[in-house]
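> heads up, no residue letters with this:
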Ligand code: BEZ
Ligand code: FE
């Protein structure tokens, strides 16, 4: 293919010229993603009549975001979280049929420090936390219990800090986290503390952005869960407490009504059966996982439906990814 002549570019023809040179790429998905990205970026500049100073301020902001990143601080993910992009990508890539458990943002505080624990373990050593008994099940969309699911759980302490946020933390004594496995009936239970609201890291450029936008950095009280089982779509989710002051203003847009729970109170019989104090708080939840096959089918269907709504009929799914159908 002859190289396109790139010259005399204007506000009105630069986009098609960038597309033309990028279209020499061999990878169909890369070509498509770049074509859409360049289109939206150029339209953004045209629609806002972006000034050079503003564009430079944007570059400086992204540079500061990059400089804030370390092994344990990912400011770019935080930016994606606070702009709603993380939640959006998760919703697209992990579609859920109506009766299944919805996903939500992962956040930066999952670690691989927690060791496998047996069912019934206590995940928090915080003496100031309000005791919480968690009784859960994990099933398929057809209602079959799923055994031996690896379940990663993590939450903050009663002050709203994850173990990794303490300066003297070295991974030896993970707290507020555990890995447990569901039993043959798909049951898993553990002892924790009632989650509390906390602030996302706001001492960097993302925090400054939130402040300029008149936004607060709070996340509502929640407990994170991650489910892994061969043949099932990896589920990253969290449960949120109803009535939390930030229930409908989460800084990272993670709350979904299906994930909001009302805590109960442990009955005297449950206190005896599970070895917790009478009157402790109770969280009960039945998680539903989606198989890889169900997920793949739903993802492809929704992708093609979305393209139809955009008036793009000639699209195909190749290797699980949307590309123009050129055959
Ligand atoms: C969290 O829930 O741990 C979290 C999620 C997104 C950004 C910051 C924290
Ligand atoms: Fe969290």
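That came in fine, so what should we check first? On a predicted model such as this, the values are computed, not experimentally measured, just so you know. Ligands and ions are numbered 1, 2, ... in the order given.

> make it CA atoms for all contacts and neighbour counts henceforth
Noted.

> Which residues of the stretch 201-327 of the chain lie near ligand 1?
residue 252 (CA under 6 Å from any ligand atom).

> what helix or strand does the residue lying closest to residue 18 once chain neighbours are set aside sit in?
Once flanking residues are discounted, residue 18 sits nearest to residue 38: 7.7 Å by CA to CA, 6 or more residues apart in numbering. Element membership for residue 38, per DSSP states H and E: helix 28-48.

> Dihedrals phi and psi, residue 252?
phi -120, psi 20 (degrees, to the nearest 10).

> Tell me the secondary structure of residue 63, please.
Per DSSP: H, G, I helix; E, B strand; the rest coil, the local secondary structure of residue 63 is helix.

> Hmm, residue 109 and residue 162 touching each other?
Yes. Counting by CA atoms under 8 Å, residue 162 touches residue 109, with 7.0 Å between them.

> Straight-line length of stretch 151-167, end to end?
Start to finish, the residues bounding stretch 151-167 are 27 Å apart (CA to CA, to the nearest Å).

> Show me which residues of it are buried.
By 16 or more other CA atoms under 10 Å, the buried positions in stretch 151-167 come out as 151-158, 160-164.

> before we move on, what about stretch 170-178?
174, 175, 176, 177, 178.

> Between its first and last residues, how far does that stretch reach?
16 Å.

> Show me how far that stretch is from its chain's centre.
22 Å (CA atoms, centre = their mean, to the nearest Å).

> Equivalent analysis for stretch 6-26, please.
35 Å.

> Endpoint to endpoint, it covers what distance?
Taking CA to CA, the first and last residues of stretch 6-26 lie 20 Å apart.

> mind putting the buried residues of stretch 170-178 in JSON lines, pLDDT, distance to residue 141 and secondary structure included?
Shown next, in JSON lines, are those (pLDDT from 0 to 100; distance: CA to CA, whole Å; DSSP: H, G, I helix; E, B strand; the rest coil):
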{"residue": "174", "pLDDT": "93", "distance to residue 141": "33", "secondary structure": "coil"}
{"residue": "175", "pLDDT": "95", "distance to residue 141": "32", "secondary structure": "coil"}
{"residue": "176", "pLDDT": "96", "distance to residue 141": "29", "secondary structure": "coil"}
{"residue": "177", "pLDDT": "96", "distance to residue 141": "27", "secondary structure": "strand"}
{"residue": "178", "pLDDT": "96", "distance to residue 141": "25", "secondary structure": "strand"}
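
> quick one on the thing from earlier: just checking, the residue nearest to residue 18 touches residue 15?
Yes. Checked against CA under 8 Å, the pair residue 38 and residue 15 is within contact range at 7.1 Å.

> Understood, closing this out.
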